[in-house]
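Peer 1: below are the sequence and a predicted model; questions follow.
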Amino acid sequence: MPTADHNATLRRYQALLAPGTPIREGLERIVHGRTGALVVLGSTKKVEKLSTGGFALDVQFTPTALRELSKMDGGIVLSSDFERIIAAGVHFVPDGDIGTVETGTRHRTADRVAQQTGLAVVTVSASMSVISLFLDGQRHTIEWSEQILSRANQALATLQRYRERLVETSRNLSMLEVHDQVTVRDVALVAQRLEMMRRLDIEMRAYVAALGVDGRLLELQLHELTLGTDNLTTALELDYRPDETDQLEFRVAALSSLGNSDLLDLTSVARTMGFDGSTHLETRLSPRGYRQMAQLTRVPPGVGRRIVEHFGSLQTLFGARTADLQEVEGVGETRARMVREGLARLAEQVYSEQLG
Ligand SMILES: Nc1ncnc2c1ncn2[C@@H]1O[C@H](COP(=O)(O)OP(=O)(O)OP(=O)(O)O)[C@@H](O)[C@H]1O
């Protein structure tokens, strides 16, 4: 199974080979010219040791140069910053004992050179018109944008549904907060939805990286769909962190350690995010009011926090009179009235949505 390190390195190379980059442009020209290539991404002592013949060049990398030099028999070596072509027409002689499942000589060589040097090696197959990346004994096909986009669009549709569900659960939480009927289950449900979105967001970011210039629209859509989730996460943690728990011990981010099936189990979600073993899903909770206060966009965040800290709970805050609010530093008569009216509006909204 690929390690997290392998995945991170793979992402970096996918970005390097993404549409719009000079290397990708050169590789696409080779594909369209129906020739092949073997390109070692880096020039180290280990590469030198495996290299025989060919031409030492050390010239500026350009897509055209890559295309022209790949017409020669043998492989190409790029500098470690990928800015220069160090050699071309090189015949590589890697250790034949290194295992590989590849069949053709170009691809067997690429796999072995990658394993022996620890570098990435790219091939273009002349017979199959496929670009492959060899890394740590694994072969990854570099897909065309259309293929990636079709999967990315499916993931985007799922993310859209996740967002709708998150909005729904968060609205439901607001309604329960107004009625003072929140349970651990309701908070865990919002946290679960946030984590599901985060996981899909990571997958989508990999598509965006692999798509390069073709992924710009996707990136904008992704940004739009994940907007506000960080603030919601912070507010949820501030609102429901048990009094005796340290801030770092109550975190939605802790859910990243859960496997997919455990994430579907709300009891696991509640425990993992930091509710202690004695609470169960039906345990009643009272929010402090950070999330509701953050919805009053005209109240500066610092003042909002002070107000919430002063009253200690959303229910007390809902009951506060204008005069009570004015006891908080930074809250004059006008702002106090604004807060009261704002909170009343939020509560009314909940009631009208219930009817609707
Ligand atoms: N050891 C090597 N070092 C550098 N280049 C090599 C090496 N072995 C093969 N090649 C390159 O691969 C070409 C032949 O590839 P071959 O058809 O045998 O492999 P393949 O893996 O089936 O690739 P393709 O799918 O492109 O046909 C050679 O002409 C040469 O340019």
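Peer 2: Cool, got the structure.

Peer 1: what residues are bridge-paired with the closest residue to Gly75 other than its chain neighbours?
Peer 2: Closest residue to Gly75 apart from its sequence neighbours, by CB to CB, 6 or more residues apart in numbering: Leu38 at 3.6 Å. For glycine as for every other residue, the C-beta is placed from the backbone atoms N, C-alpha and C. For Leu38, the beta-bridge partners under DSSP bridges are Thr123.

Peer 1: check whichever residue of the stretch 201-350 of the chain sits closest to the ligand and give its pLDDT.
Peer 2: Nearest residue of the stretch 201-350 of the chain to the ligand (CB to the nearest ligand atom) works out as Ala210 at 22.2 Å. Ala210 carries a pLDDT value of 91.

Peer 1: what comes up buried for the helix or strand harbouring it?
Peer 2: Using DSSP states H and E, Ala210 sits within helix 184-211. With burial defined by 16 or more other CB atoms under 10 Å, the residues of helix 184-211 counted as buried are 184-198, 200-201, 204-211.

Peer 1: just stretch 325-344 next, same as before
Peer 2: Using 16+ other CB under 10 Å as the test for burial, stretch 325-344 gives 325-326, 328, 331, 335-336, 338-340, 342-343.

Peer 1: ends of it, what's the gap?
Peer 2: In stretch 325-344, first residue to last residue: 14 Å (CA to CA, to the nearest Å).

Peer 1: and the residue lying closest to Ala191 once chain neighbours are set aside, how many neighbours?
Peer 2: Sequence neighbours aside, Val252 is the residue nearest to Ala191 in space, at 4.8 Å (criterion: CB to CB, 6+ apart). Applying other CB atoms under 10 Å, we find 23 residues neighbouring Val252.

Peer 1: would you check that Val252 makes contact with Leu232?
Peer 2: No: with contacts counted by CB atoms under 8 Å, Val252 stays clear of Leu232, the gap being 9.1 Å.

Peer 1: the ligand contacts on the chain?
Peer 2: With CB under 6 Å from any ligand atom as the criterion, the chain meets the ligand at residues 36, 38, 73-75, 91-92, 104-107, 109, 125-128.

Peer 1: now, among these, which is nearest to the ligand?
Peer 2: The closest of the residues of the chain next to the ligand to the ligand turns out to be Gly104 (CB to the nearest ligand atom; 1.9 Å).

Peer 1: spit out the contact partners of that closest one.
Peer 2: Gly104 makes contact with 125, 127, according to CB atoms under 8 Å, 6 or more residues apart in numbering.

Peer 1: which ones are touching Ile76?
Peer 2: Contacts of Ile76 (CB under 8 Å, 6+ apart): 37-40, 66, 69-70, 85, 87-88, 90.

Peer 1: now the residues you listed in a markdown table, with neighbour count?
Peer 2: Listed next are the contacts of Ile76 as a markdown table, based on neighbours: other CB atoms under 10 Å:
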| residue | neighbour count |
| --- | --- |
| Ala37 | 27 |
| Leu38 | 23 |
| Val39 | 25 |
| Val40 | 27 |
| Leu66 | 23 |
| Leu69 | 23 |
| Ser70 | 25 |
| Ile85 | 23 |
| Ala87 | 22 |
| Ala88 | 22 |
| Val90 | 24 |
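
Peer 1: mind checking which of those residues land in helices?
Peer 2: Per DSSP state H, helices hold the following members of the contacts of Ile76: 66, 69.

Peer 1: kindly reformat the contacts of Ile76 as JSON lines containing pLDDT.
Peer 2: Below are these laid out as JSON lines (pLDDT from 0 to 100):
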{"residue": "Ala37", "pLDDT": "97"}
{"residue": "Leu38", "pLDDT": "98"}
{"residue": "Val39", "pLDDT": "98"}
{"residue": "Val40", "pLDDT": "98"}
{"residue": "Leu66", "pLDDT": "97"}
{"residue": "Leu69", "pLDDT": "96"}
{"residue": "Ser70", "pLDDT": "95"}
{"residue": "Ile85", "pLDDT": "98"}
{"residue": "Ala87", "pLDDT": "97"}
{"residue": "Ala88", "pLDDT": "97"}
{"residue": "Val90", "pLDDT": "97"}
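
Peer 1: wait, which of the contacts of Ile76 is closest to the ligand?
Peer 2: Leu38 (4.9 Å).

Peer 1: that closest one and Ile131 touch, don't they?
Peer 2: No: between Leu38 and Ile131 there is no contact under CB under 8 Å: 11.5 Å.

Peer 1: low-scoring stretches of the stretch 251-356 of the chain, by residue?
Peer 2: Low-confidence segments of the stretch 251-356 of the chain (pLDDT under 70): 353-356.

Peer 1: hang on, Ser256 in a helix?
Peer 2: Yes: applying DSSP: H, G, I helix; E, B strand; the rest coil, one finds Ser256 inside a helix.
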